[in-house]
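Undergrad: Sequence and computational prediction follow.
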Amino acid sequence: MSLRAIKDTARARLHQGMKVETLCYAEGPVGPSTTVWCRVNSKNDAVGDLAGTSLSYAERAETIPKLIFIAAEHVPVKGNIYSVSDTEVYRVDHLEPQDGITITAVVTRVSKNEMSAYAPPAGG
């Protein structure tokens, strides 16, 4: 088995164990929604560090939320809204290149006012 096949198998198992149900809104809150499964991944990046140095000048950390999809199941599109729960709703900002069997969407949380327009999934 090749290294790539091993990575794909591991990612599929990870996805199966950590996926959450979301509702995907492609046409805004009044349009139809579809059920989609993804993993929510948030990474804290230091803001203010000098690139190319080992100096730690960062004064704060910024959380960058990402949604990870299995490409064979769903391909996200810039602007799509994904409702995870009544307090967690994301808009796709941009997509990273497909990596094996997964596609990662870099997302931003929608405002609390806008969040109420999107129904959460039944389990959320």
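TA: Perfect, thanks for sending it.

Undergrad: Once you drop chain neighbours, what's closest to Tyr25?
TA: Ile81 (4.2 Å; C-beta to C-beta, 6 or more residues apart in numbering). In short, each C-beta sits where N, CA and C put it, glycine included.

Undergrad: State which helix of the protein is the longest.
TA: Longest helix in the chain, counting residues (DSSP state H): helix 3-18.

Undergrad: residues of the longest strand along the chain that come out buried?
TA: The longest strand of the chain (DSSP state E) is strand 33-47. The neighbour-count check on strand 33-47 (16 or more other C-beta atoms under 10 Å) flags Ser33, Val36, Trp37, Cys38, Arg39, Val40 as buried.

Undergrad: Same check on stretch 70-82?
TA: Ile70, His74, Pro76, Asn80, Ile81, Tyr82.

Undergrad: quick one on the thing from earlier: can you pull up the bridge partners for the residue nearest to Tyr25?
TA: Tyr25, Arg91 (DSSP bridges).

Undergrad: Same check on Val36?
TA: Thr22.

Undergrad: and if you look at the one 4 residues further on?
TA: Under the criterion DSSP bridges, Val40 forms beta bridges with Leu67.

Undergrad: As a markdown table, the buried residues of stretch 70-82 with pLDDT and distance to Ala105 would be great.
TA: Formatted as a markdown table, these follow (pLDDT from 0 to 100; distance: C-beta to C-beta, whole Å):
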| residue | pLDDT | distance to Ala105 |
| --- | --- | --- |
| Ile70 | 96 | 12 |
| His74 | 97 | 10 |
| Pro76 | 97 | 4 |
| Asn80 | 97 | 8 |
| Ile81 | 97 | 11 |
| Tyr82 | 97 | 8 |
